[in-house]
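# Okay, here's the prediction I keep looking at, along with the sequence it came from:
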Amino acid sequence: MTAAVRAPRQDRSRVTRQRLLEAALECLADLGWSNTTVVVVAERAGVSRGAAQHHFATREALVAGTISHMSELRRAEIAAHEGVPHSTVEVLELLFGFYSGPVFRAALQLWVAAAADEGLRALIGPLEAELGRQAHAMAVELLGVSEKEPGVRETVQATLDLVRGLGLAALLSDDDRRRGRVLRQWARTLDDVLPRQRKR
């Protein structure tokens, strides 16, 4: 087989794999862990069951691939905001987005299922740690603070805990006005607590 023939096949294979990963994330976010099977994901991706199983022979393999895909999406999201100046309340809105979109909903479904499934817990433990590190790094970067200063790390973590809680609340009933008031008040608090640590 020539390289010219192999290349299009490899391209098609990469596209199929990408479609499966995107469909798996959507299924987790929309349908939950118990309803996210290789067959269901294949149907949503518009590929045959055989093609799906060629890439992911088991649901565990599909989940492992999806976890890696979720981390890549987060890295791209963070990179898109690096070096861009934001007001404190804009930073909080961005961080809230970290905990309100499909990646967070999918991760949440995995975390809930993992509470009663030791094997799944071992798979997603690294995901939880990685998403936590990414969120923390994003907050530090966007707030323009230095964790060398006393109390900054704890303040950043409190901020992430706050927006995560708001993200969880929004899963059941989205209250934009209430959330906006909370975020604006917390932005004022951060501006009071962190002013000398902001990068000029």
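Thanks, I have it. Worth saying up front: this structure is predicted, and the values here are computed from it rather than measured.

# Check the offset of the single longest helix found in the chain from the chain's centre.
Longest helix in the chain, counting residues (DSSP state H): helix 3-31. Mean C-alpha position of helix 3-31 versus that of the full chain (CA atoms, centre = their mean, to the nearest Å) differs by 19 Å.

# Name the residues of that helix that are buried.
Across helix 3-31, burial judged by 16 or more other CB atoms under 10 Å covers 16-17, 19-29. Backbone N, C-alpha and C define where each C-beta goes, glycine included.

# do the same with stretch 40-52
40-42, 44-45, 47, 51-52.

# For the strand or helix carrying residue 188, which helices and strands make contact with it?
Using DSSP states H and E, residue 188 sits in helix 176-193. Under the contact definition 3 or more CB pairs under 8 Å, 6 or more residues apart in numbering; DSSP states H and E, helix 176-193 sits against helix 88-98, helix 152-172.

# on that earlier part again, and the longest helix of the chain, what other elements does it pack with?
helix 38-45, helix 49-55, helix 59-81, helix 102-114.

# Same list (those helices) but as CSV, adding distance to residue 129.
Formatted as CSV, the helices and strands packed on helix 3-31 follow (distance: least, CB to CB, whole Å):
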stretch, distance to residue 129
helix 38-45, 25
helix 49-55, 26
helix 59-81, 10
helix 102-114, 12
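
# if we can go back for a sec, dump the buried residues of stretch 40-52 into a markdown table; add distance to residue 122 and pLDDT as well.
Output for the buried residues of stretch 40-52, formatted as a markdown table (distance: CB to CB, whole Å; pLDDT from 0 to 100):
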| residue | distance to residue 122 | pLDDT |
| --- | --- | --- |
| 40 | 23 | 95 |
| 41 | 21 | 95 |
| 42 | 25 | 95 |
| 44 | 26 | 95 |
| 45 | 26 | 94 |
| 47 | 28 | 93 |
| 51 | 28 | 90 |
| 52 | 23 | 92 |
